[in-house]
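Engineer: give me coordinates for this.
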Amino acid sequence: MKNIGFLSFGHWSPDGHSETQSAQDVLLQSIDLAVAAEELGADGAYFRVHHFARQLGSPFPLLAAVGARTKRIEIGTAVIDMRYENPLYMAEDAGSADLISQGRLQLGISRGSPEQVIDGWRYFGYAPTEGETDADMARRHAEVFLDVIQGHGFAKPSPRPMFPNPPGLLRLEPHSPGLRDRIWWGAASNATAKWAATLGMNLQSSTLKEDESGKPFHVQQAEQIRLYRETWAEIGHERAPRVSVSRSIFPIMNDRDRMYFGRGGKEDDQIGQIDNMRAIFGRGYAGEPDRLIEELRGDEGIAEADTLLLTVPNQLGVEYNAHVIGSILEHVAPALGWR
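Structural biologist: The predicted model follows:
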């Protein structure tokens with residue numbers, strides 16, 4: 001059995017072929033797709049965060065809105081770029097969104113991905129300290145965030161407050177108990193996966209990682225997950241960790257599916273360079289359900305994970321993406337033991 005959710009990159013474009021013509025379109029349709037996914041029996045609604053792009057940039061209003069409109073599904077990000085974040089302000093936003101959703105927030109954070117602009121985090125007022133890289137800064141922000149969401153007091157109260165204070169040092173409010181256990185780190189390398197395990201974060205592994213061995217993507221991803229779990233066990237964390245992977249999976253059920261995804265071309269892993277890193281990009285899956293089932297049986301990365309995020313082409317609209325999610329849940333997942 002696996003938790004199965006969707007992951008939307010939240011693209012929008014005034015192009016005539018896009019169902020999301022504006023930022024308002026993609027925000028409202030993201031909420032509607034989360035509602036539809038819950039009705040179909042999916043387990044999660046996750047959103048990618050990009051700045052300076054025609055995509056979803058500010059996740060917490062959207063997460064709160066989805067939380068208010070749904071009752072059961074997990075609500076999350078994959079991922080928030082911590083180079084851009086004020087960890088304390090983010091803790092307040094995350095606490096609010098988690099309370100609105102009644103404890104369903106699953107917050108994926110990371111160093112982020114290649115940007116639309118040069119050093120975009122500088123425009124947000126952040127810069128690495130002397131000797132730091134931007135990745136170091138992201139991890140530093142993450143560690144502060146993880147610390148303050150635990151709910152302990154750290155701020156000295158004013159002797160003349162506007163309102164009465166509880167005794168002792170003050171914590172950030174609103175505090176949401178349990179949120180600390182629902183923070184995930186998006187790891188592109190084995191080393192950062194082990195670092196995430198050391199800090200007690202869940203693991204998000206996407207369709208891209210550092211090519212560290214030359215093996216197929218799904219094999220490298222499975223090895224990364226096993227290293228993560230081994231490190232988790234060595235540290236001795238009390239709870240069990242969670243691991244998600246994302247995949248593009250499109251069952252061919254009708255002529256429209258065939259028009260969009262029946263031409264193939266993404267059946268093999270791809271190699272490329274990202275930020276001076278040799279990266280391997282995992283293949284996509286498209287085909288008749290029986291063929292998909294056989295191909296997915298051999299995906300070692302999915303087999304190692306407890307959560308599968310289905311990347312959806314959000315610009316094709318809510319109805320079509322609900323169809324894709326429903327087709328996987330009904331025609332693919334049961335045969336693989338995921339349902």
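
Engineer: what about residue 265, which SS state?
Structural biologist: Recorded secondary structure, residue 265: coil (DSSP: H, G, I helix; E, B strand; the rest coil).

Engineer: in this protein, which residue is closest to the centre?
Structural biologist: Among the residues of the chain, the one closest to the centroid is residue 78, at 1.6 Å (C-alpha atoms, centre = their mean).

Engineer: over to that residue. Which of the three states is it?
Structural biologist: With three-state DSSP as the basis, residue 78 sits in strand.

Engineer: so it is in contact with residue 204, correct?
Structural biologist: Yes. Contact criterion C-beta atoms under 8 Å: residue 78 and residue 204 qualify, at 5.5 Å. All C-beta atoms are positioned from the backbone trio N, CA, C, and that covers glycine.

Engineer: what do those two both touch?
Structural biologist: 108, 184, 186, 244, 246 (C-beta atoms under 8 Å, 6 or more residues apart in numbering).

Engineer: next up, the contacts around residue 196.
Structural biologist: Listed by C-beta under 8 Å, 6+ apart, the contact set of residue 196 reads 184, 185, 187, 202, 203, 228.

Engineer: scratch that, residue 78 is what I was asking about
Structural biologist: 7, 46, 47, 48, 108, 184, 186, 204, 206, 244, 246, 309.

Engineer: can I get those residues in CSV with pLDDT, neighbour count and distance to residue 169?
Structural biologist: Below are the contacts of residue 78 laid out as CSV (pLDDT from 0 to 100; neighbours: other C-beta atoms under 10 Å; distance: C-beta to C-beta, whole Å):
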residue, pLDDT, neighbour count, distance to residue 169
7, 98, 27, 39
46, 98, 30, 35
47, 98, 28, 34
48, 96, 23, 36
108, 98, 27, 30
184, 98, 26, 29
186, 97, 27, 32
204, 98, 29, 33
206, 85, 24, 39
244, 98, 27, 35
246, 97, 26, 40
309, 98, 26, 38
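
Engineer: looking at the residues you listed, which are in helices?
Structural biologist: Using DSSP state H, no member of the contacts of residue 78 falls within helices.

Engineer: and the two most separated of the shared contacts of residue 78 and residue 204?
Structural biologist: Distance extremes for the shared contacts of residue 78 and residue 204: the farthest pair is 184 and 246 at 11.8 Å, using C-beta to C-beta.

Engineer: okay, and the common contacts of those two?
Structural biologist: Common contact partners of residue 184 and residue 246 (C-beta under 8 Å, 6+ apart): 78, 204.

Engineer: coming back round to it: selecting buried members of the contacts of residue 196 in ChimeraX, what would you type?
Structural biologist: A single ChimeraX command suffices to select whichever of these are buried according to 16 or more other C-beta atoms under 10 Å:
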select :184,185,187,202,203,228
